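Trainee: Give me a 3D structure for the following:
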Amino acid sequence: MDFDPSLEWLETNGIGGFASGTVAGCNTRRYHALLCAAVAPPRGRMVLVNKVDEMLQIGDKKIPLSCNYFPGVISPEGYRHLRKFSVTPLPHWVYETENCVLEKTLWMPNGQNRTILRYHLREGSKLQLRIRPFVTGRFYHSLLRKNDAYDTAIHAGKKHEITLKPNADCPPVTFDFDGQFEESANWYFNFEYPLEKERGLDYQEDAFSPGEFVWELKSGQSALLVLSAEPLQLSKTETKSSRTLWRDNEIKRRNLLESTFEDPQLKRLARAADQFLVRREDDRRHTLIAGYPWFTDWGRDTMISLPGICLCTKRYYQAAAILLHFAEFVSGGMIPNRFPDASELPEYNTVDATLWFFHATAEYLKSSGDHKTVFQKLYPALLECAKCHIDGTRYGIKVDEEDGLLRCGESNTQLTWMDARVNGIPVTPRSGKPVEIQALWHNALQILSDLAHINEDPETVKLCAPWIEKMQQNFQTKFWNPEKECLYDVIDIVDTDHQKDDSVRPNQIFALSLPHDLLDEETAQKVLLTVRRQLLTPFGLRSLSPEDCKYQGVYRGDSAQRDGAYHQGTVWPWLLGPFLSAYLKTHNHSLEAKAQAKEWMRPLLEHLDNACNGTISEIFDGNAPHTPRGCPAQAWSVAEILRVMGAMSAEG
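Mentor: Numbers count the residues shown, from 1 in each chain. Next comes the predicted model:
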């Protein structure tokens, strides 16, 4: 295979931890690690083992299989021996050299902060395999430099087991192996991470290595190395060699998940979706990671992603657990926007997360038929949320009594999904009445009214009815922009004299895509056509029309440059989901419309394969060739394509 450091892989453990890297073997991000453990699942992530360097010794010849970025050089160049890589069912490398074929497989057992590496000599004469691990034991957003506080002590445990504990905050890092260990402790300096350099961040790191693990292998023999952040807890009857059962069990678990679908593309999407579903520390609650490697669980992303990731795959228990968990944290009629990595209180700085909570609940009831959970436990939370939005809650979120529209935001607040800031100043200020918030609020009221009818709650029906009527009377009249034949992005902007923002943005698509319509058929068709002409790309919708003077077609540079482009033209794959829903709805779900929708999804499905990690990126450049950017694995990117494809498959 050619050297391509942009090809990445990802393996997750179902509790927020992960392993990731490049196919070539060189780490290009600070987040690349063989063992990034979630110390307080799904939070508290720590990079414990950055990577390992592998080397074969055949006679007198030493052949490296790994590679690293150092200042001005890539060393060694082990990627030259890589012949094949795949991620199905587990990350798998095949190396060929000196008439030898060595296979490497990596997996993380579900629910465990543990990474297992298995090397199998498929063909060849006797050789020696030497593996050197690099340990940092740091918080995953930071980097390590050699320092006196780092504890380099190597603790021998049971036979074939050593442990390191670099610092007080780091859990013990255990290496379990079925070969030999040769201690040769040393620091290695100035590993470079080019993607961090490109992002304008610190990009050099030192790492400690305790020594090398060594195996003598003959053809047909294997070597096993287990990296663990927790006691191994082997049963009395379990042997080291039987740990490959963990691999077999993990493959069975993934195959069972895929069995929900017959379509190979849906199977791949279901496998990608599984990476984001995680259990919390008490093992009973679930949540969704917004993206790997640096996002945690966000309320907005979770509620948008839940229908695709949980409901399409019939994981109703997990869906209910997620909804109930967020319902427990309702405050002032709002669900949290984010649970931070540290142990701080949840953040409630969003207007749309709660409105998506209504939508996710309705979709859950529709898919599962679970009336008990919805009406006994979720309905009271929804009612509280609606009342608080009507009466007023944080950040100026309150219904305008005149037109029924939902006002939100104060000066310099960013409450919608377009929340980027540069030097504390919003890049896309949207305080006032954003278009998608009205669509979501109308949808929420309709959902609550429908639930109230089922629940025989006439008071709540009466509460919702006048606001629904006002919205239906005023929305189209106030938001229609006849000059551009689309909807205004924001009206009644805060701190202005009823100014309207006529930027052509994708937020208007939700007025068409959500179940409860706010536009007449003719207007909906015009909006869809404008969005299609100006915003649609092969990988999703642009966040701003290229015809706008504020458009930025490339997402790169330092933090300020990237944040400045984040919602100013960057393509978002997740938005293809609502666009396709709107397109199918306005075309009556005809066979021709479904064929067109499948064609529009094809580039993202190809990206699913070409990215090598079997998932979908967070964003792409607005300009061709639409280079993938941001998080290499994003929950709502996968979820929305899975949702639309799953719905079309169910329709036949």
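
Trainee: Residue 465 is in what secondary structure piece?
Mentor: Following DSSP states H and E, the helix or strand that holds residue 465 is helix 458-479.

Trainee: Can you spell out which helices and strands pack onto that helix?
Mentor: For helix 458-479, the helices and strands in contact under the criterion 3 or more C-beta pairs under 8 Å, 6 or more residues apart in numbering; DSSP states H and E are helix 379-391, helix 435-454. All C-beta atoms are positioned from the backbone trio N, CA, C, and that covers glycine.

Trainee: Tell me who's in contact with the spatially most central residue of the chain.
Mentor: When the chain is reduced to its mean C-alpha position, the nearest residue by C-alpha atoms, centre = their mean turns out to be residue 291, at 2.1 Å. Contacts here follow C-beta atoms under 8 Å, 6 or more residues apart in numbering; on that basis residue 291 touches 276, 301, 618, 630-631, 633-635.

Trainee: Residue 484 falls within a strand, correct?
Mentor: No: Residue 484: not assigned to a strand; according to DSSP: H, G, I helix; E, B strand; the rest coil it is coil.

Trainee: Run through the residues that contact it.
Mentor: Neighbour list for residue 484: 502, 504, 530 [criterion: C-beta under 8 Å, 6+ apart].

Trainee: measure it to residue 395 for me?
Mentor: Taking C-beta to C-beta, to the nearest Å as the criterion, residue 484 is separated from residue 395 by 29 Å.

Trainee: Next one: residue 319 from residue 530, what distance?
Mentor: Using C-beta to C-beta, we find residue 319 at a distance of 35 Å from residue 530.

Trainee: of these two, who's got more company?
Mentor: residue 319 (27 against 18; other C-beta atoms under 10 Å).

Trainee: Could you report the pLDDT at the spatially closest residue to residue 40 that is not a sequence neighbour?
Mentor: If you skip the residues right next to it in sequence, residue 40 has residue 281 as its closest partner in space, 5.7 Å away by C-beta to C-beta, 6 or more residues apart in numbering. At residue 281, the predicted lDDT confidence score is 73.

Trainee: before we move on, what SS does residue 281 have?
Mentor: State at residue 281, reduced to three classes by three-state DSSP: coil.

Trainee: Neighbour-wise, give me the winner out of the contacts of residue 291.
Mentor: Note: the member of the contacts of residue 291 with the most neighbours is residue 635, at 32 neighbours, neighbours being other C-beta under 10 Å.

Trainee: contacting residues for that residue?
Mentor: 273, 276, 288-291, 301-302, 305, 309.

Trainee: quick one on the thing from earlier: just give me the closest of the contacts of residue 484 to residue 622.
Mentor: Each of the contacts of residue 484 was checked against residue 622 using C-beta to C-beta; the closest is residue 504, at 12.7 Å.

Trainee: could the contacts of residue 291 be laid out in a markdown table, adding distance to residue 521?
Mentor: Formatted as a markdown table, the contacts of residue 291 follow (distance: C-beta to C-beta, whole Å):
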| residue | distance to residue 521 |
| --- | --- |
| 276 | 36 |
| 301 | 32 |
| 618 | 34 |
| 630 | 36 |
| 631 | 38 |
| 633 | 38 |
| 634 | 33 |
| 635 | 33 |
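
Trainee: Quickly check those for the two that are furthest apart.
Mentor: Farthest pair in the contacts of residue 291 (C-beta to C-beta) is 276 and 630. Separation: 15.1 Å.

Trainee: Inside helices: which ones of the contacts of residue 484?
Mentor: Judged by DSSP state H, the subset of those located in helices is residue 530.

Trainee: and which of the contacts of residue 484 is nearest residue 30?
Mentor: Compare each of the contacts of residue 484 with residue 30 using C-beta to C-beta and the shortest gap goes to residue 504, at 36.6 Å.

Trainee: how about the closest residue to that closest one other than its chain neighbours, what does it touch?
Mentor: Distance criterion C-beta to C-beta, 6+ apart; nearest residue to residue 504, sequence neighbours excluded, is residue 545 at 3.8 Å. Contacts here follow C-beta under 8 Å, 6+ apart; on that basis residue 545 touches 503-505, 534-535, 551.

Trainee: pLDDT added to those residues, as TSV?
Mentor: Formatted as TSV, the entries for these read as follows, by pLDDT from 0 to 100:
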residue	pLDDT
503	97
504	98
505	98
534	98
535	98
551	97
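
Trainee: and of these, the nearest to residue 350?
Mentor: When those are compared for distance to residue 350, the smallest value, 17.8 Å, is given by residue 505; criterion: C-beta to C-beta.

Trainee: measure the residue lying closest to the closest one once chain neighbours are set aside to residue 145 for me?
Mentor: Excluding the flanking residues, the one nearest residue 505 by C-beta to C-beta, 6+ apart is residue 489, at 4.7 Å. Distance of residue 489 to residue 145, given as C-beta to C-beta: 45 Å.

Trainee: Look at these two and report which has more neighbours.
Mentor: More neighbours sit around residue 489 than around the other of residue 489 and residue 145, counting by other C-beta under 10 Å; the figures are 26 against 14.

Trainee: Help me confirm that that one comes into contact with residue 506.
Mentor: No: with contacts defined as C-beta atoms under 8 Å, residue 489 does not count as touching residue 506, sitting 9.4 Å away.

Trainee: Residue 188 bridge partners, please.
Mentor: When bridges are taken as DSSP bridges, the partners of residue 188 come out as residue 207.

Trainee: What confidence value was assigned to it?
Mentor: Predicted confidence (pLDDT) for residue 188: 98.

Trainee: Could you measure from it over to residue 156?
Mentor: According to C-beta to C-beta, residue 188 stands 22 Å off from residue 156.

Trainee: These two: who's more crowded?
Mentor: When residue 188 and residue 156 are compared on other C-beta under 10 Å, the one with more neighbours turns out to be residue 188, at 17 against 11.

Trainee: just to revisit the earlier point, is it possible to export the contacts of residue 635 to JSON lines including secondary structure and pLDDT?
Mentor: Compiled in JSON lines, the contacts of residue 635 are given as follows (DSSP: H, G, I helix; E, B strand; the rest coil; pLDDT from 0 to 100):
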{"residue": "273", "secondary structure": "helix", "pLDDT": "96"}
{"residue": "276", "secondary structure": "coil", "pLDDT": "97"}
{"residue": "288", "secondary structure": "strand", "pLDDT": "96"}
{"residue": "289", "secondary structure": "coil", "pLDDT": "96"}
{"residue": "290", "secondary structure": "coil", "pLDDT": "96"}
{"residue": "291", "secondary structure": "strand", "pLDDT": "96"}
{"residue": "301", "secondary structure": "helix", "pLDDT": "97"}
{"residue": "302", "secondary structure": "helix", "pLDDT": "97"}
{"residue": "305", "secondary structure": "helix", "pLDDT": "98"}
{"residue": "309", "secondary structure": "helix", "pLDDT": "97"}
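
Trainee: Most neighbours of all those, which one?
Mentor: In terms of neighbour count, residue 302 stands highest of the contacts of residue 635 at 33 neighbours, by other C-beta under 10 Å.

Trainee: Now that one. Nearest residue, chain neighbours left out?
Mentor: Once flanking residues are discounted, residue 302 sits nearest to residue 288: 4.5 Å by C-beta to C-beta, 6+ apart.

Trainee: Does that neighbour touch residue 306 like I think?
Mentor: Yes: using C-beta under 8 Å, residue 288 and residue 306 qualify as a contacting pair, with a distance of 6.8 Å.

Trainee: just to revisit the earlier point, need the winner for burial among the helices and strands packed on helix 458-479.
Mentor: Mean neighbour count (mean count of other C-beta atoms under 10 Å) peaks for helix 435-454 among the helices and strands packed on helix 458-479, with a mean of 23.
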